[in-house]
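dropping the sequence and predicted coords here.
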Amino acid sequence: MAKIGFIGMGNMGSAILGGLLKRYDAKELLFTAAHREKMEEVTRRTGVPHGESNGDCAARCKYLILAVKPQYFETVFQEIEGQLKPEQVIVSLAPGITISAMKKRLGQNKRFARAMPNTPALLGEGITGLAYEKGSLSPEEENELRGIFEACGKVEVVEERLMNAVGCVSGSSPAFVYMMIEALADGGVKYGLPRATACRMAAQAVLGSARMVLESGKHPEQLKDEVCSPAGTTIQGVSALEEGGFRSALIKACDACYRKSTEIQ
């Protein structure tokens with residue numbers, strides 16, 4: 001029996017699988033995808049075997065990761081419900097679908113967790129919000145579940161009621177950061193930098209700034225103030241961002257993500 005199985009091999013499933021291959025042997029993993037050509041290509045590239053069907057995959061692993069979009073969950077549930085066993089742990093990556101809803105659909109004796117990773121997991125730099133019912137997993141299973149996502153980056157265990165907030169702050173936010181990097185690069189190009197140079201510089205600035213927050217222990221506001229000299233260039237830029245509603249726009253983006261998560265059934 002494989003340790004970890006995936007149903008779905010889209011962007012998120014592929015990112016997590018790539019991270020896991022740095023820690024787990026390919027023989028400990030198993031997956032299925034919607035199209036046989038995709039499964040054969042992933043197996044050739046990674047050495048990870050694929051199951052014959054979603055039900056076959058569900059029957060052959062300890063931890064089953066459902067890496068499909070919410071609208072496909074009912075179809076997947078129909079395909080796997082007869083194969084699930086109480087000793088398995090089923091991990092949903094979908095926003096909005098609660099553990100109670102999955103238990104109601106697949107059985108109260110089944111054990112579930114929810115995870116919200118992000119695509120930097122592919123580089124081992126992801127951050128995953130993880131939630132499960134207190135007491136439903138053994139200490140060993142809790143450690144193994146954390147280890148699955150720690151193979152792809154950092155993990156924060158949160159109460160399930162906070163998972164929609166996790167989706168705003170880390171699940172969706174890489175897209176917001178990519179937009180910021182692109183916009184900063186555009187600013188450099190506007191004043192003469194070659195596009196590739198401007199993009200590298202903007203991306204490295206974001207990477208370095210993030211490490212400053214994580215490793216310095218300082219509040220982002222303090223770090224911002226340390227860059228802003230009195231009457232200098234940076235405070236002029238900060239003023240322009242405030243005038244343009246930069247912070248408000250990001251919070252509104254989180255609001256939109258949160259609303260969408262609450263609409264998913």
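Alright, I've got the coordinates. Treat the numbers as computed from the prediction; the structure is a model and nothing was measured. Numbering: from 1, shown residues only.

would you map the strands across the stretch 1-150 of the chain?
Counting by DSSP state E, counting those that start in this stretch, the stretch 1-150 of the chain has these strands, from start to end: 2-7, 29-32, 61-66, 89-92, 111-116, 126-132.

my bad, the stretch 151-265 of the chain
Counting by DSSP E, counting those that start in this stretch, the stretch 151-265 of the chain has these strands, from start to end: 153-157.

picking up where we left off before, got the strands of the stretch 1-150 of the chain as CSV, with mean neighbour count and mean pLDDT columns?
(Glycine included, C-beta is placed from N, CA and C.) Formatted as CSV, the strands of the stretch 1-150 of the chain follow (neighbours: other CB atoms under 10 Å; pLDDT from 0 to 100):
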stretch, mean neighbour count, mean pLDDT
strand 2-7, 24, 94
strand 29-32, 24, 96
strand 61-66, 23, 96
strand 89-92, 24, 96
strand 111-116, 24, 96
strand 126-132, 23, 95
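
what's the closest of those strands to S261?
Proximity to S261 (CB to CB) singles out strand 111-116 among the strands of the stretch 1-150 of the chain, at 9.6 Å.

helices or strands up against that closest one?
Contact analysis of strand 111-116 by 3 or more CB pairs under 8 Å, 6 or more residues apart in numbering; DSSP states H and E lists strand 89-92, helix 99-106, strand 126-132, helix 163-166 as its packing neighbours.

got the CA coordinates for it in PDB?
Taking Å, rounded to 0.1, in the frame of the first residue of the first chain, the C-alpha atoms of strand 111-116 are listed here in PDB:
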ATOM      1  CA  ARG A 111     -11.400  10.800   9.100                       C
ATOM      2  CA  PHE A 112     -10.800  14.000   7.300                       C
ATOM      3  CA  ALA A 113      -8.400  16.900   7.200                       C
ATOM      4  CA  ARG A 114      -8.300  20.100   5.200                       C
ATOM      5  CA  ALA A 115      -5.200  21.600   3.800                       C
ATOM      6  CA  MET A 116      -4.700  24.900   1.900                       C
END
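
so how far is K260 from the spatially closest residue to I4 that is not a sequence neighbour?
If the residues on either side of it in the chain are set aside, I4 comes closest to Y63, at 4.8 Å by CB to CB, 6 or more residues apart in numbering. Using CB to CB, to the nearest Å, one obtains 27 Å as the distance from Y63 to K260.

one more: S170?
With distances defined as CB to CB, the gap from S170 to K260 amounts to 16 Å.

about what we covered before: so who does the residue nearest to I4 touch?
Listed by CB atoms under 8 Å, 6 or more residues apart in numbering, the contact partners of Y63 are 3-5, 88-89, 91, 144-145, 148.

got those residues as CSV, with distance to S229 columns?
Converted to CSV, these look like this (distance: CB to CB, whole Å):
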residue, distance to S229
K3, 54
I4, 51
G5, 55
Q88, 58
V89, 53
V91, 48
E144, 50
L145, 47
I148, 46
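
and E28, how many neighbours?
Neighbourhood size, E28 [other CB atoms under 10 Å]: 16.
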